[in-house]
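*Asks:* structure, please.
(chains A and B)
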Amino acid sequence: MIVGRLSKFVKVPKVAGYLIGGLIIGPHILGWLETEVISALNPLTEFALALIMFDIGTNFDFKRLRRQGSYLRPLIAADIGVTFLLVFAGVWISGAGLTFAILLGILAVATAPAATLLVLKEYNAEGDVTDSLITLVGVNNTFCIIAFEIAVAVLLAVQGTSSLITALTTNLLSIGIGIALGFVGGVVISYLEQKVTGPERFILFLGIVVVIFGICLHIGASYMLVFLIMGAAVVNSSEFTQEILTELDRIGWPLYVLFFLLAGAKLHLENLKTLGLVSIVYLIARSLGKIGGVKFFTRFIPTAPYASKEIGWGLLSQAGCALGLVMVAVNKMPGMGRELETIIVSTVVIFEIVGSILVRTVVVRAGEVKVIALIDRPLADPYALSLRATARKLLTKIGFGHWERPEHIEGLRVHNVMLKNVRTIPVNAAFPDIMSFMSHSRFNNMPVTGAENHYEGMISYPELREVIYDPSLSNIMIAKDFARMKDVQIGPEAMLFEALEKFKVLNTDCLPVVDHETGRLMGLLEQREVLRLCGKKRTSSNYKEK
Amino acid sequence: MALSRILRKEAVLTELNAQDRFDAIKRLVKVLVDTGALDESLQLLSEREVIERENTCPTGLDHGVALPHALVDGLNCEIAAFAKAVPPIDFSAKDGVPADLIFLLLVPQEPVVPHVRTLSQIVHLFNNESKRNRIRRAKTKEEIYEIFK
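*Replies:* Residues are numbered from 1 along each chain as shown, chains lettered A, B, ... in the order given. Purely as a prediction, here's the structure:
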């Protein structure tokens, strides 16, 4: 929770916060999380990754993919093709062997599914760029898993460890079984979900995924591939996908927090000191491939959304899939496997943390994140104030406390109780500045003023938080464009009970006090203060009566 | 959602020769009145609101685009007019390029969300270099309108 709050404060995704938090409490810095504990929790983190892959798989709705296909296909080709080629060429030229360069090129393609998806979920990102990002991550991970398994099989055969036919058959069979298992699992979920209702539906889902996860571990199938296919099978055959995902989000978060803390704890910061030439080439070539490849090819796709040229920045994070495949390489060909592991483990520190921050940047810049996700401020609820007043009234009726009727505030005028030193939003304040103003205000509505404090209207926070924050509007939308309710105001000489009447009918926690002759904002009248005064006045008048 | 929901084909001008940005705004508001999109009783108010908004903060975007807009009391729905200015008019854009593509938008005093969505849609359209070029190359109202559709 502390890490989550801190992350929001410094405006980085919680995922990055958890990773850094894990890194700090992990064995390499503070040592609060020991290596043995991390290893013992490995099955949990693998299960979390399986659920994340399932979630990503549910993005493969064929109907939607057909609609996006015209620009997604070239983007996928650019992401996979350019990244592979640049890393392969860079690593090979820098002196590594041909086979080593091929394997590293394939690994470079994979984007961390967990970091990407969880950042998108944290910010409730919605839109073409968000959908494209998830699809690209799903496809590049699938490519990476299949291509890597096949490449390792071929390389072993070439080295004479096994025959090419046997190695290929074994690996293709393993991939085929994985795909079949995922597909059957998905269809079984869709079928059985119809037979049950309510909470039973999610319990059934969890039961099936645990069984399938167990089968994957038992037969050695790639659980990432299996769960991705399972998600795709469910979304295309079940009516309850959204229901399952909502429940999954609810119970999954603690698991995901643990996943990232442990992932952070596993990061080897000390490896950065020993980054070799190949690691540096890998870092640069992979970044260029992902960012530049997509950007370059988007020029030739007229149907691509404008912001999709920046998608490559959101594909940089790397962890789960690449690390998992490296372990496969270590087991099957220890010599080269260890060399691959050194490079991937050392570069993951950078890619995972920086990559998760860049995912946020991409969707925010694409205008697919609502203001509410970017402002660290709870919503002050005017209804809570009304509820408190009602409760006080009820208590008075049954003999506790003192509630006042409006006549007891007779004689008091608005200017007697208004806040005079009020912070206002300048009429020409830009969109980001408005968000900053609102995040520091305790009111739900904030007054907008022009020259000589002329009142221009109010900006409503409950309304603003629903707006999609589009950075391209930063220079075109100013406070004047957001200001509404210019007529909702009260004069300084108005009686306080008039204000009370206005508060009864208006959904606002404060009223601007405006001089009707000059149009200037004189102050702000708080609903809370008016309600408080009702009680106070009553108490003093009671004493007078006595 | 297509911009054709707020822009009528008749409200597209292929050539606007205005003295300055305020003259351009007045002419575009007049176009809205002439095409029946804006009630005549709201003409002066609309002009005043857009000019006041323009004075508060100029609406010139980069790449020769301007997006004058304002909230107008009494309006029922969003309406727009578009013109290609010949010669281009200075809208105090940050890149200093005078605007030859002017999109005027009037919005009612409705909730903020749809207003932002529309502006966002317009800005994204004009951010697209190929669309800007197509509009600049277009000779007729119909060709321009097709791009906004």
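*Asks:* now whichever residue of the stretch 151-300 of chain A sits closest to chain B. Nearest residue, chain neighbours left out?
*Replies:* Closest residue of the stretch 151-300 of chain A to chain B, C-beta to the nearest C-beta: A:Arg299 (9.1 Å). Backbone N, C-alpha and C define where each C-beta goes, glycine included. Nearest residue to A:Arg299 in three dimensions, chain neighbours excluded: A:Lys309, at 7.5 Å (C-beta to C-beta, 6 or more residues apart in numbering or on different chains).
*Asks:* cool, A:Phe60 as well?
*Replies:* A:Ala232 (3.9 Å).
*Asks:* now swap in A:Leu358 and tell me
*Replies:* A:Trp313 (4.7 Å).
*Asks:* isn't there a strand covering the one you found?
*Replies:* No. Counting by DSSP: H, G, I helix; E, B strand; the rest coil, A:Trp313 is not found in a strand; it is helix.
*Asks:* could you tell me how many residues sit around it?
*Replies:* When counting by other C-beta atoms under 10 Å in any protein chain shown, one arrives at 20 neighbours for A:Trp313.
*Asks:* same question for A:Ser356.
*Replies:* Other residues near A:Ser356 come to 29 when the count uses other C-beta under 10 Å.
*Asks:* ok so, going back, gap between the residue nearest to A:Leu358 and A:Ile212?
*Replies:* 34 Å (C-beta to C-beta, to the nearest Å).
*Asks:* just checking, A:Thr241 touches A:Val235?
*Replies:* Yes. Counting by C-beta atoms under 8 Å, A:Thr241 touches A:Val235, with 4.9 Å between them.
*Asks:* name the residues contacting each of the two.
*Replies:* A:Thr58 (C-beta atoms under 8 Å, 6 or more residues apart in numbering or on different chains).
*Asks:* pick out whichever of these two has more residues nearby.
*Replies:* The neighbour comparison of A:Thr241 against A:Val235 (other C-beta under 10 Å) goes to A:Val235, with 23 against 18.
*Asks:* excluding chain neighbours, what is closest to the more buried one?
*Replies:* Closest to A:Val235 by C-beta to C-beta, 6+ apart is A:Thr58, at 4.2 Å.
*Asks:* burial count for the one you found?
*Replies:* For A:Thr58, the neighbour count with other C-beta under 10 Å is 24.
*Asks:* check A:Met418 too.
*Replies:* When neighbours are defined as other C-beta under 10 Å, A:Met418 has 23 of them.
*Asks:* contacts only, for the closest residue to it other than its chain neighbours.
*Replies:* Leaving aside its chain neighbours, A:Met418 sits nearest to A:Gly523 (3.7 Å; criterion: C-beta to C-beta, 6+ apart). Shown in contact with A:Gly523 (C-beta under 8 Å, 6+ apart): A:415, A:418-420, A:422, A:492, A:513.
*Asks:* rerun at 10 Å
*Replies:* Contacts for A:Gly523 (C-beta atoms under 10 Å, 6 or more residues apart in numbering or on different chains) come out as A:414-415, A:417-422, A:447, A:492, A:510-514.
*Asks:* hmm, back to that, the residue nearest to A:Phe60 contacts A:Gly57, doesn't it?
*Replies:* Yes. The pair A:Ala232 and A:Gly57 passes the contact test of C-beta atoms under 10 Å, sitting 4.4 Å apart.
*Asks:* for these two, work out which one has more neighbours and name it.
*Replies:* Neighbours were counted for A:Ala232 and for A:Gly57 using other C-beta under 10 Å; A:Gly57 has more, 27 against 24.
*Asks:* name the element residue 106 belongs to?
*Replies:* I went with chain A, as the question did not name one. helix A:98-109 (DSSP states H and E).
*Asks:* hmm, I had chain B in mind actually
*Replies:* Going by DSSP H and E, B:Leu106 is part of strand B:99-107.
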